[in-house]
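[1] sequence first, predicted model second:
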Amino acid sequence: MPQVPYSGTLQVAPQLDPTPRYTADAIPAAFGVNVGQAIEGLGKTGEAVGNEVFARGLALQEVNNHAEAQEATAKFMEAAGDIHAKLGAMQGKDAVDYFTNGFKTDLESARKGIRQDLSNSAVQKLYDAESLSTFGRTMFNGAGISANANKQYAISSVESQIKNQADLAATSDSEADVRAAKAKISRLSAQRGVLKGQDQDSVDEYTKVINSSLDYNVIKEIARTNPIRAEEMLNDRKSGMTAADYDHARIVVDNANRAVGSVNIAQKVLDSHIGDDGKPDVSFEKMQREAEDLAKRQAPNDAVMQKHTVDTLRGLFNQRVYADKQFRWDNMQTVDAAIQNGVQDIQQLRADPKIATAIDNLPAKDQLALPAKINSYNAARDRAMNQQALTQIQGLRFNDVEAFLNLDPTDPSLRLSQPQIREVMQWQHQDKKNANDDPRVGRAMGWLRDVRGAELAALGVFRRNKDNSDDYDHLTGTVSSALDLWQEAHGKPPSYHEFMEKIAPQVLQSRPVPGAWWGTNNEPFFKPDINSKEYKNFAAKAKQDVVDKGGIEPTEAELDRAYTRMQLLKLYPPKSSTTLVPVSR
C-alpha cells in the first residue's frame with residue numbers, strides 16, 4: 001500500500017537470520033508427566049480433606065463447649081435469682097445481716113458448684129466469663145437492697161421510739177412527762193427526716209402531727225373526769241394541733257361538758273336549794289335560771305350544754321323529790337304499823353330501834369304530829385264508823401294513787417273509827433305490795449331501762465305485755481322484795497347508785513337451773529326455779545302452814561314472791577350492819 005511520504009526507492013535488503021533448524025514436538029504428557037501431576041494433586045487433595053475434617057471437628061467441639069457453657073450460665077442465673085429473691089424478701093436488719101454474712105457465700109457456692117460439673121477447661125473458661133458477670137451484677141443489686149433495708153430499719157427504729165414516747169405520754173397525768181415526751185419526739189423526728197431525706201418543713205409538719213395526736217389523747221383522757229380542765233388545755237394547745245385533731249377534741253370536750261358538766265351543775269344547784277327536809281327554798285324556775293347561767297359561763301359557745309343542764313336538773317329534781325316522797329311513805333308505813341299494833345305514847349313507840357330509826361328519818365313536821373296521831377288512833381276505837389269518809393277515801397284510792405298513799409288515816413278531821421283506820425292502812429299496804437303499781441318499783445324499772453335496757457330486751461322483759469306478763473311480774477316482784485329488804489336493813493330506800501351497783505346485778509344475774517326434762521338452763525335470778533326440789537318443798541310447806549292456820553291456800557304468784565324473798569334473805573340477812581354486795585356476774 002503506498003505510504004506517505006513516498007520515496008520511490010526499493011527498500012529491500014538481505015536478512016542476517018540463521019537458517020532454521022528442525023525441532024521435534026515432544027509434550028510432557030507423552031512421557032506420563034500428567035500422571036505424576038495427578039498423583040501429586042491427589043495427595044494435596046487428601047491433605048486438604050484431612051485439614052477440613054479436623055477443622056470441622058474443632059468447630060463442632062467449640063459449638064458444644066459454647067452450648068454447655070450457656071446452659072451452665074443459665075443455671076447459675078436461675079440460682080442467683082433465687083438467692084437475690086431470698087434477700088429481697090427480707091426486711092430491716094435481717095436483710096443487712098444476710099447480705100453481710102451469707103449472700104456472697106451463697107452466690108459463690110452456687111457458681112462453683114455448677115462449674116465443677118463442666119466437661120472441660122474450655123467450657124469452664126467460657127462459663128467463667130458469663131457467670132462472673134452475673135455474679136457482679138447480682139452482688140451490686142444485693143448491695144442496693146441491703147442499703148435500702150438498712151435505711152428502712154433505721155427509720156423503723158426511730159418511728160418505734162416516737163410511738164413509745166407518744167404512748168407513754170398519752171397515759172400519763174403528769175405535765176412534765178408530756179413536755180419531756182414532746183422534746184424527745186422532736187429530736188427523733190429530726191433523725192427520721194435525715195434518714196428519709198426530707199426538708200425541714202416536712203420534719204416540722206410530721207412533728208406537729210405526732211404532738212397534735214398526743215395532745216388529743218391527753219385532752220380526751222382528762223375530759224372523762226375533768227371537762228373544765230380539758231377545755232382549758234384545748235384552748236392553750238389549739239395552735240399546735242392539726243385541724244382534724246382539734247375538731248375531734250372539741251367534740252370530745254363538748255360532749256364531756258354536756259355529760260359530766262351538766263350533772264355537776266345540776267347537782268350543785270339542787271344541793272344549794274334543797275334542805276334536809278327535802279323541800280326546795282326557791283321555785284324550780286329560779287333553779288333553772290341559775291343552772292342556765294352556770295352552764296353559759298362554763299361553755300359560753302355551746303347552746304346544747306345549757307339545754308342538757310336544764311334537762312338534767314329537771315330529771316334530778318324529780319328523782320330527788322320523788323325519792324323523798326317515797327322515803328317518807330316507807331317510814332310512815334313503818335310508824336303507822338307500830339301505832340296500829342297499839343302504843344300509849346311516843347316513848348313507847350320509840351322503844352323499838354327499828355321504829356325509832358323510821359321516826360328519825362321523817363321530816364320534823366311529821367315527827368311533831370306523831371303524838372296527836374297516836375291519840376287520834378286510840379280515840380277512834382270508840383268512834384262510830386264514818387262510812388261517808390271511808391267511801392270518799394276509797395274513791396281517792398282509785399283516782400289519785402299518790403294522794404292516797406300520802407293520806408294519814410289517823411287525821412282527826414277524817415273521823416274514822418279504829419277499824420276504818422286499820423282498813424285504810426291495809427289498803428295502802430296492799431297498793432304498795434302490787435309491784436307493777438308501786439311507785440318505788442316504777443322508778444327502779446326506769447333506771448334499769450335507761451342503763452341496762454339492752455339486757456332487759458334480751459330477756460324479753462323491757463316492758464310488760466300479754467306475752468311476757470309472768471316473767472315481767474316476776475322481775476318487778478323481785479325488785480320490790482329487794483327494795484323492801486334494803487329498807488329494812490338501812491332504814492331508807494336505796495339511791496340510784498346503790499340500786500344500780502348493788503341490787504340490779506343480783507336481780508338480773510344468770511344462774512344454772514335444771515331443765516324441765518333434762519340438762520341445765522341458764523335463767524335470770526328473778527325467775528323462780530319451779531323445777532328445783534327446794535322450790536317444790538318450800539311451796540308444799542307454805543301451803544300446808546297457811547291451811548293449818550285456817551287461811552286460804554296461797555296462789556302461785558304469792559308463793560313465787562315469798563320464795564324470792566327467802567332467796568334474797570340468804571344474800572341480805574336482816575342485820576343492822578348488813579351491806580349489800582353485788583354478786584359477780
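    Cool, got the structure. Numbers count the residues shown, from 1 in each chain.
[2] let me see the domain layout of this protein.
    Annotated domains of the chain cover 42-198, 258-325, 434-585 [automatic domain parsing].
[3] what about residue 499, distance to residue 464?
    Separation of residue 499 from residue 464 (CB to CB, to the nearest Å): 20 Å. C-betas here are computed from N, CA, C, even on glycine.
[4] more neighbours: which of these two?
    More crowded of residue 499 and residue 464, by other CB atoms under 10 Å: residue 499, with 22 against 15.
[5] is it true that that one touches residue 444?
    Yes: counting by CB atoms under 8 Å, residue 499 does reach residue 444; the two are 5.7 Å apart.
[6] where does the stretch 401-550 of the chain dip in pLDDT?
    402, 432-438, 511-522, 528-529, 531, 550 (pLDDT under 70).
[7] which residues of it fall in strands?
    Listed in chain order, the strands of the stretch 401-550 of the chain (DSSP state E, counting those that start in this stretch) span 510-514, 520-524.
[8] which residues touch residue 462?
    449, 453, 456 (CB atoms under 8 Å, 6 or more residues apart in numbering).
[9] residue 242 is nearest to which of the domains of the chain?
    domain 42-198 (14.3 Å; CB to CB).
[10] from the chain's centre, how far out does the closest one sit?
    Mean-position distance between domain 42-198 and its chain equals 45 Å (CA atoms, centre = their mean, to the nearest Å).
[11] from residue 475, how far off is the nearest residue to residue 467 once chain neighbours are set aside?
    Nearest residue to residue 467, sequence neighbours excluded (CB to CB, 6 or more residues apart in numbering): residue 460, at 7.8 Å. For residue 460, the distance to residue 475 (CB to CB) stands at 10 Å.
[12] do the same with residue 407
    29 Å.
[13] when those two are compared, which one has more neighbours?
    Set side by side, residue 407 and residue 475 show more neighbours around residue 475, with 26 against 18, by other CB under 10 Å.
[14] number of residues surrounding the residue lying closest to the more buried one once chain neighbours are set aside?
    By the measure of CB to CB, 6+ apart, the closest residue to residue 475 outside its immediate chain neighbours is residue 526, 4.5 Å from it. When neighbours are counted by other CB under 10 Å, residue 526 registers 25.
[15] one more: residue 161?
    Neighbour tally, residue 161, other CB under 10 Å: 16.
[16] where does the stretch 1-150 of the chain have low pLDDT?
    Looking at the stretch 1-150 of the chain by pLDDT under 70, you get 1-26, 28-33, 35-37, 40-55, 57-58.
[17] and the helices in it, which stretches?
    33-89, 92-98, 104-115, 121-170 (DSSP state H, counting those that start in this stretch).
[18] can you spell out which helices and strands pack onto the host helix or strand of residue 395?
    Assigned by DSSP states H and E, residue 395 belongs to helix 387-399. Applying 3 or more CB pairs under 8 Å, 6 or more residues apart in numbering; DSSP states H and E, one finds that helix 387-399 makes contact with helix 401-406, helix 418-433.
[19] nearest to residue 86, of the ones you listed?
    Comparing the helices and strands packed on helix 387-399 by CB to CB, helix 418-433 comes nearest, at 81.8 Å.
[20] next, count neighbours for the spatially closest residue to residue 389 that is not a sequence neighbour.
    Nearest residue to residue 389, sequence neighbours excluded (CB to CB, 6+ apart): residue 414, at 5.1 Å. The number of residues packed near residue 414 is 19, by other CB under 10 Å.
[21] quick check: residue 73 touching residue 135?
    No: with contacts counted by CB under 8 Å, residue 73 stays clear of residue 135, the gap being 10.7 Å.
[22] that older thread, how about the helices and strands packed on helix 387-399, which one is nearest residue 393?
    With CB to CB as the measure, helix 418-433 is the member of those nearest residue 393 (5.8 Å).
[23] now do the buried residues in the closest one.
    418, 420-425, 427-428, 432 (16 or more other CB atoms under 10 Å).
[24] need these in TSV with distance to residue 148, can you?
    As requested, those are exported to TSV (distance: CB to CB, whole Å):
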residue	distance to residue 148
418	101
420	99
421	97
422	96
423	96
424	93
425	91
427	89
428	86
432	80
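[25] run a quick neighbour tally on residue 116.
    8.
[26] just read off the phi/psi values of it.
    With angles defined as degrees, to the nearest 10, residue 116 sits at phi -70, psi -20.
[27] for residue 555, same thing?
    Taking degrees, to the nearest 10 as the convention, residue 555 sits at phi -80, psi 170.
[28] and the contacts of stretch 559-568?
    Contacts for stretch 559-568 (CB under 8 Å, 6+ apart): 474, 477-478, 481-482, 484-485, 506, 525-526, 528, 535, 538-539, 542-543, 554.
[29] pLDDT of that stretch, averaged?
    Averaged across stretch 559-568, the pLDDT comes to 74.
[30] what of stretch 282-296?
    82.
[31] and that stretch, what's buried?
    Those would be 287-288, 290-292, 294-295, for stretch 282-296 by 16+ other CB under 10 Å.
[32] now do the helices in the stretch 401-550 of the chain.
    Going by DSSP H, counting those that start in this stretch, the stretch 401-550 of the chain shows helices at 401-406, 418-433, 439-459, 469-490, 496-498, 504-508, 533-548.
[33] nearest to residue 211, out of the ones you listed?
    Of the helices of the stretch 401-550 of the chain, nearest to residue 211 by CB to CB is helix 439-459, at 37.9 Å.
[34] centre of the chain versus that closest one, how much separation?
    Counting by CA atoms, centre = their mean, helix 439-459 comes out at 25 Å from the chain centroid.
[35] mind giving me the packing neighbours of it?
    helix 303-340, helix 401-406, helix 469-490, helix 504-508.
[36] just the buried positions in it, please.
    439-441, 443-445, 447-448, 452, 456, 459.
[37] can you redo the residues you listed as CSV with distance to residue 67?
    Below are those laid out as CSV (distance: CB to CB, whole Å):
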residue, distance to residue 67
439, 104
440, 102
441, 99
443, 98
444, 95
445, 94
447, 91
448, 89
452, 84
456, 85
459, 84
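[38] what is the nearest of these to residue 249?
    residue 452 (30.7 Å).
[39] contacting residues for that closest one?
    Neighbouring residues of residue 452 by CB under 8 Å, 6+ apart: 504, 508.
[40] do the same with the one 4 residues further on
    Contact partners of residue 456, counting by CB under 8 Å, 6+ apart, are 448-449, 462, 508.
[41] quick revisit: which of the buried residues of stretch 282-296 sits closest to residue 123?
    Looking across the buried residues of stretch 282-296 and measuring by CB to CB, the closest to residue 123 is residue 295, at 93.7 Å.
[42] the nearest residue to that closest one once chain neighbours are set aside: neighbour count?
    Take residue 295 and drop its neighbours on the chain: the residue closest to it by CB to CB, 6+ apart is residue 309, 4.0 Å away. Using other CB under 10 Å, residue 309 has 28 other residues around it.
[43] sorry, back to before: dump the helices and strands packed on helix 387-399 to a markdown table, plus distance to residue 150.
    Converted to a markdown table, these look like this (distance: least, CB to CB, whole Å):
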| stretch | distance to residue 150 |
| --- | --- |
| helix 401-406 | 80 |
| helix 418-433 | 80 |
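[44] so what's the backbone phi/psi at the residue nearest to residue 467?
    According to degrees, to the nearest 10, residue 460 has phi 80, psi 20.
[45] mind checking the helices of the stretch 401-550 of the chain for the one nearest to residue 109?
    So among the helices of the stretch 401-550 of the chain, helix 439-459 is nearest, using CB to CB, at 66.3 Å.
[46] and the angle for the closest one with helix 469-490?
    130 degrees (axes from the mean of the first three to the mean of the last three CA atoms, to 10 degrees).
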